[in-house]
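1. Quick check, what structure comes out for this input:
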Amino acid sequence: MAKIELKNRIRRLRFEHDETTQQELANCVKVTRQTIIALEANKYSPSLALAFRIAKVFGVPVEEVFQYNTPDAGEESSNEKSKLTPEPEGQSSKLNHSEEGNLL
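-> All right, here's what the predicted structure looks like:
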């Protein structure tokens, strides 16, 4: 399965908001400065709660702070797709053509 990569605009948002320092942002969201450094370097993916706290500090939706890329549908094998879609009890893993459009 292709890796989902999370990117962010924290550094840009800090500078757009009165050049907030990493330490000031860290204090506002209750983490260490090292955590902010790791986030900005895309070395660490935040918890959902932390992502929302960061977005709240900047007054923007989470989607403006964090973006992710997902693999193209063509890159996943049908076996990988079946791992993502739970199979209802008592049904075969074979799909007919009318069901294929309902995946993801």
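
2. switch to C-alpha atoms for all contacts and neighbour counts from now on
-> OK.

3. where exactly do the helices run in the protein?
-> Per DSSP state H, the chain carries helices over the ranges 10-16, 22-29, 33-40, 48-58, 62-65, 78-84, 97-100.

4. CSV for these, including mean neighbour count and mean pLDDT?
-> Shown next, in CSV, are the helices of the chain (neighbours: other C-alpha atoms under 10 Å; pLDDT from 0 to 100):
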stretch, mean neighbour count, mean pLDDT
helix 10-16, 16, 97
helix 22-29, 16, 98
helix 33-40, 17, 98
helix 48-58, 16, 98
helix 62-65, 16, 97
helix 78-84, 11, 48
helix 97-100, 8, 44
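
5. Excluding chain neighbours, what is closest to Phe52?
-> Spatial nearest neighbour of Phe52, chain neighbours left out: Val62 (6.0 Å); criterion: C-alpha to C-alpha, 6 or more residues apart in numbering.

6. which ones are touching the one you found?
-> Residues counted as contacts of Val62 (C-alpha atoms under 8 Å, 6 or more residues apart in numbering) are Ala51, Phe52, Ile54, Ala55.

7. what's the closest of those to Ile37?
-> Nearest to Ile37, judged by C-alpha to C-alpha, of the contacts of Val62 is Ile54 at 13.4 Å.

8. mind checking the end-to-end distance for stretch 43-61?
-> 22 Å (C-alpha to C-alpha, to the nearest Å).

9. Tell me which residues are up against that stretch.
-> With contact meaning C-alpha under 8 Å, 6+ apart, stretch 43-61 is reached by 6, 13, 17, 25, 28-29, 35, 38-39, 62, 64-66.
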